[in-house]
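> any chance you could fold what I've pasted below:
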Amino acid sequence: MAGPNTLTINEANFQSEVLQSSVPVLIDFWAPWCQPCLKLAPTIDELANDFAGRAKVAKLDIDSAMELALKFDINTIPTVLIMKGGQTIARFGASPKAVYAEALEKALKA
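Have a look, this model is predicted:
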């Protein structure tokens, strides 16, 4: 389901791919049964292509990673977090691509 530059995050690789990442990470918390999530998927894949080599763009299926969804207080999906240095620095619901891109650019400069 994810594009070639879009990471799939789960509980096994969360520590290495997100918490220990040297670059900002955008994470799309989603589920296969969520229609708004499916509509957002192409945008997430476009961002992964746009930011390839500069930031990570990832998807996390809440059904297969409930512990992480609970840890980050994901009450509605899609929820998109931007993390840097192991900390959440931005949190969004479904938004236009430009909103996420601007937040990632800001995170890269911070």
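
> gap between Asn75 and Leu47?
The gap separating Asn75 from Leu47 is 23 Å, by C-beta to C-beta, to the nearest Å. Placement of C-beta: from N, CA and C, glycine included.

> neighbours of the closest residue to Ile77 other than its chain neighbours, just the number please.
In space, Ile77 comes closest to Cys34 once its chain neighbours are excluded; the distance is 5.1 Å by C-beta to C-beta, 6 or more residues apart in numbering. Here the neighbour count serves as a burial measure; for Cys34 (other C-beta atoms under 10 Å) it reads 18.

> so Cys34 is in contact with Pro78, correct?
Yes. With contact defined as C-beta atoms under 8 Å, Cys34 and Pro78 form a contacting pair (6.8 Å).

> in PDB, list the C-alpha atoms belonging to the top helix by length along the chain.
Longest helix in the chain by number of residues (criterion: DSSP state H): helix 35-50. Taking only C-alpha atoms (Å, rounded to 0.1, in the frame of the first residue of the first chain), the coordinates of helix 35-50 have been written out as PDB:
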ATOM      1  CA  GLN A  35     -11.700   5.900   4.300                       C
ATOM      2  CA  PRO A  36     -10.100   9.300   5.100                       C
ATOM      3  CA  CYS A  37      -6.800   7.500   5.700                       C
ATOM      4  CA  LEU A  38      -7.100   5.900   2.300                       C
ATOM      5  CA  LYS A  39      -7.700   9.300   0.700                       C
ATOM      6  CA  LEU A  40      -4.700  10.700   2.500                       C
ATOM      7  CA  ALA A  41      -2.300   7.800   1.400                       C
ATOM      8  CA  PRO A  42      -1.300   9.300  -2.000                       C
ATOM      9  CA  THR A  43      -0.400  12.600  -0.300                       C
ATOM     10  CA  ILE A  44       1.800  10.700   2.200                       C
ATOM     11  CA  ASP A  45       3.500   8.900  -0.700                       C
ATOM     12  CA  GLU A  46       4.100  12.200  -2.500                       C
ATOM     13  CA  LEU A  47       5.700  13.700   0.600                       C
ATOM     14  CA  ALA A  48       7.900  10.600   0.900                       C
ATOM     15  CA  ASN A  49       9.100  11.200  -2.600                       C
ATOM     16  CA  ASP A  50       9.500  15.000  -2.100                       C
END
